[in-house]
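1. I need the structure of the sequence given here:
(chains A and B)
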Amino acid sequence: MEALRLYFKLIRISMQARLQYRADFIMGLLNIIALNAINLGMIGILVYRFVDLNGWGIWELVFLYCLWLLGHSMYSLFFWHFWELEEYLVQGTFDQFLLRPASPFVQFLGREVQYIGFADVFVAVSGIVLAYVNLGLHWGIATWLFFLLVVISGTVIETTLTLMMACISFWTGRSSMAVDLIMEFNMLVQHYPIDIFGSWFRVVVTGLIPVAFMNYYPALILLHKVNQNVGWWVGYLSPIVALLLVGMTAVVWHFALRRYSSSGG
Amino acid sequence: MKIFWSFTRQAFQFVAAYRFNFFAEIFLILLRMYGVYWVWRILYTQRPGAFGVDLQQMITYGVLGMALEIFMWSRPQMYMARQVKSGAIDTDLMKPLDFHFHMLARSLGETLVALAVLAFPAVAIAYFVLGVNLPPDIGTGVLFAISLVLGYLVLFHLNFLLGSLAIVTLDIRHISWAYYSVVRFFGGQMIPLWLFPPFLAWLAGALPFQSTYFIPMSIYIGNLTGTEAIQGIGFQLVWLVVLVLISRLLWSWAHRRLVVQGG
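-> Alright, predicted model coming up:
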C-alpha cells in the first residue's frame, strides 16, 4: 500500500515535469498517429492488392495490429523508460534509488511517464472499434472480460520481457541491442499473423520470446478463427504466460540488484 | 577527400569498438529480410504472377529494401539538433569547413561503413539462404550503382533540410518518427509503388522519396530498364539539384537566425 502511494506520487511529479513542454506533447501525439496510420496503410495496400493475407482480411489484420497496440500502449505510457535502464546504470543515476529508504523498483517505476502513449491508446481503441463494427462481432460480457484480460496480459508480457532484457546491463553495462531485438520480433508479430512465417519463427515467438500471446493467439479466439495447428485453448494461456513472466522477472531483478556495482557517477 | 576519409575511419573504429552490437545488427537485418520474404511468399501463393514481376524478383526487392535500411542510420539531422541544443554548434561553424560539406562527409563516411560491414554481408547471407537474384547484366548493375548513390544523396539532403529545421524549432525528435515512416512508405522500401492504389501511386511518383529506394531497387531487379531506367535516374538528378539549392538557401537563412544557447 505504502509502495502504491509512493508510486502515484512519483508519477504525478513526472507528469508535471512533462507537462511543461506543451508543444512537444502535441507534436509527439500527432507523429505517433501519423506513424501508425502509415503502418496500417502499408498493410492496407497489401490487402487491397491481394484481397487477404493467408485468410486474414483487412479488418482482422487491423484488429490484430490494434490488439497488440492496446497492450503496448500501457507499456509505452508507464514503462517506456525501462529500455533506458542502461543509461541509469552507466551514468550512475541508479545510485540514488538505492540510497533512499524506499523500494528501488518502485522508484525506478515512477521515474517517468511517457504520456505520448495516449496516442497509442487513441489509435488502438479507434482501430478495435472499427474492426468490431466492420467484422460484425457480438461479444458477450465474458468475451469482453477476456479481452480486457488479454490487454493487461499484453502489457505485462511486453513490460517483463523488456525489463529482463534491460537487466542484462547489470552484468554487461549495455543492453539496448537486446531490447531492440525483442522489439523487432514484436514488430513482425504486430503487423502480420504469425501463421505466414516459417516454423522456427513461430516457435520463437511462442516459447522463447512469447510475444505472440499479446495478439495472435487471443485474436484467434476473439475473432472466432481456426488454425489447424493451434489448439482452441492456446489463446487462453495469455494471462498464465504473463504471470510466469512476472515471476521470472522478479527473480532476475533480485539477482541483478545483488550484482549491482555503481559506476561511480 | 582527406576529411571524408577521416570520417570513414572514425565510423569504422566505432563499429569495431562495439562488436556485439555489430552482430546483433546483422541479425536484426536478417530477421527483417526473413519477414518480407514470407510475406511475399504467402501473397504469391495466393495469387501467383499477378503483378508483372515474379516471386523471386519481389523477394530480391524486399531483401534489398531491408539491407538499405542502413541509409537511415546516418542521421545528420540528429547531429545538427544535438549541436544546436547543447550550443556546441558554434564550434562546428568556426571550423574552416563549409558546414553543408562537413555534414555530407560525416554522413557519407558512416553510410559507407554501414554498407560495407552490414548491408553487404546481410545481402550475401540472404543470397545463399533466401535465394536473391543478382542484377541481370553488368549494364544494369552499373545503372543500379549510379542510382543508389543518387538515392543516398537525395535522402541526405532531405535529412539536412530537417536538421536545418532544428535551428528554428529546437526539437525534431518527434517529427523524425513520422518522417522515417514517410520515407519508408513513399520511398517504396517494402512495397513497390506499382502496387499502390492510383492516387497514392501518383502522389509517391511526384515526391522525392522514391529516389531513395524504389528507383534503384526497381533497376536492380530489372523492372526499370532502358529509357525507363534513364528517366528514373533523371528524376533523381532533378530532385537532387532542387534539394541542394533549397538546402543552401535554407541553411544560410537558418544560419543567420541561429540562436546559440550559451555556447
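
2. and the closest residue to B:D171 other than its chain neighbours, what element?
-> In this structure, B:D171 finds its nearest non-sequential neighbour in A:D24, 6.1 Å apart by C-beta to C-beta, 6 or more residues apart in numbering or on different chains. (C-beta placed from N, C-alpha, C; glycine too.) Secondary structure assigned from DSSP states H and E places A:D24 in helix A:22-50.

3. separation between the nearest residue to B:R82 once chain neighbours are set aside and B:K95?
-> Closest residue to B:R82 apart from its sequence neighbours, by C-beta to C-beta, 6+ apart: B:A88 at 7.8 Å. Between B:A88 and B:K95 the computed distance is 12 Å (C-beta to C-beta, to the nearest Å).

4. between the two, which one's more packed in?
-> B:A88 (13 against 10; other C-beta atoms under 10 Å in any protein chain shown).

5. Point out the other helices and strands that the helix holding A:D24 packs with.
-> The contact analysis (3 or more C-beta pairs under 8 Å, 6 or more residues apart in numbering or on different chains; DSSP states H and E) places helix A:22-50 against helix A:58-78, helix A:118-134, helix B:19-46, helix B:173-187.

6. List the buried residues for it?
-> A:24-25, A:27-29, A:31-36, A:38-47, A:49-50 (16 or more other C-beta atoms under 10 Å in any protein chain shown).

7. Grab the most central residue of the chain for me.
-> By default, I'm working from chain A. By C-alpha atoms, centre = their mean, chain A has its centre lying nearest to A:H72, at 3.2 Å.

8. nope, chain B
-> B:F71 (3.3 Å).

9. contacting residues for A:V151?
-> Applying C-beta atoms under 8 Å, 6 or more residues apart in numbering or on different chains to A:V151 gives the contacts A:L67, A:L70, A:G71, A:M74.

10. What is the neighbour count of the last one?
-> Under the neighbour criterion other C-beta under 10 Å, A:M74 is assigned a count of 20.

11. Equivalent analysis for the third one, please.
-> A:G71 has 29 neighbouring residues, counting by other C-beta under 10 Å.

12. wait, it sits on A:L149?
-> No: applying C-beta atoms under 8 Å, one finds A:G71 not in contact with A:L149, separated by 10.8 Å.

13. still on that earlier bit, highest mean neighbour count out of the helices and strands packed on helix A:22-50?
-> Highest mean neighbour count of these: helix A:58-78, a mean of 23 (counted as mean count of other C-beta atoms under 10 Å in any protein chain shown).

14. what is the mean pLDDT for whichever helix or strand comes after it?
-> Counting by DSSP H and E, the next helix or strand C-terminal to helix A:58-78 is helix A:85-90. For helix A:85-90, mean pLDDT is 83.

15. So which residues make contact with helix A:85-90?
-> For helix A:85-90, with C-beta under 8 Å, 6+ apart as the criterion, the contacting residues are A:93-94, A:108, A:163, A:166-167, A:169-170, A:173-176, A:260, A:263, A:265.

16. so who does B:V117 touch?
-> So B:V117 contacts B:F12, B:V15, B:F22 (C-beta under 8 Å, 6+ apart).

17. Let's have these in TSV, adding distance to A:H138.
-> Shown next, in TSV, are the contacts of B:V117 (distance: C-beta to C-beta, whole Å):
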residue	distance to A:H138
B:F12	60
B:V15	55
B:F22	52
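
18. Could you pull up the residues touching the nearest residue to A:W56 once chain neighbours are set aside?
-> Nearest residue to A:W56, sequence neighbours excluded (C-beta to C-beta, 6+ apart): A:P193, at 5.1 Å. With contact taken as C-beta under 8 Å, 6+ apart, A:P193 is in contact with A:L53, A:N54, A:W56, A:L61, A:L64, A:Y216.

19. Isn't the second one up against B:Q46?
-> Yes: under the contact definition of C-beta under 8 Å, A:N54 touches B:Q46, with a separation of 7.5 Å.

20. Quick one: list the elements packing against the lowest-mean-pLDDT helix or strand in chain B.
-> Sorted by mean pLDDT, DSSP states H and E, the helices and strands of chain B end with helix B:2-17, the least confident at a mean of 77. In terms of contact count using 3+ C-beta pairs under 8 Å, 6+ apart, helix B:2-17 is assigned the packing partners helix B:99-114.

21. The helix it packs on and chain A in contact?
-> No: judged by C-beta under 8 Å from any C-beta of the partner chain, helix B:99-114 and chain A are separated, with a smallest distance of 15.3 Å.

22. For that helix, buried residues please.
-> B:99-100, B:102-114.

23. any bit of stretch A:171-183 sitting next to chain B?
-> Yes: using C-beta under 8 Å from any C-beta, we find that stretch A:171-183 touches chain B at A:R174, A:M177, A:A178, A:D180, A:L181.

24. with those in mind, which one is nearest to chain B?
-> A:M177 (4.1 Å; C-beta to the nearest C-beta).

25. got JSON lines for the contacts of A:V151, with pLDDT and distance to B:I246 too?
-> Output for the contacts of A:V151, formatted as JSON lines (pLDDT from 0 to 100; distance: C-beta to C-beta, whole Å):
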{"residue": "A:L67", "pLDDT": "96", "distance to B:I246": "43"}
{"residue": "A:L70", "pLDDT": "96", "distance to B:I246": "41"}
{"residue": "A:G71", "pLDDT": "95", "distance to B:I246": "42"}
{"residue": "A:M74", "pLDDT": "91", "distance to B:I246": "42"}
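
26. Just give me the closest of these to A:M15.
-> Distance ranking of the contacts of A:V151 against A:M15, using C-beta to C-beta, places A:M74 first at 15.4 Å.

27. hang on, the earlier thing: what's the closest of the contacts of helix A:85-90 to A:Y7?
-> A:F108 (10.4 Å).
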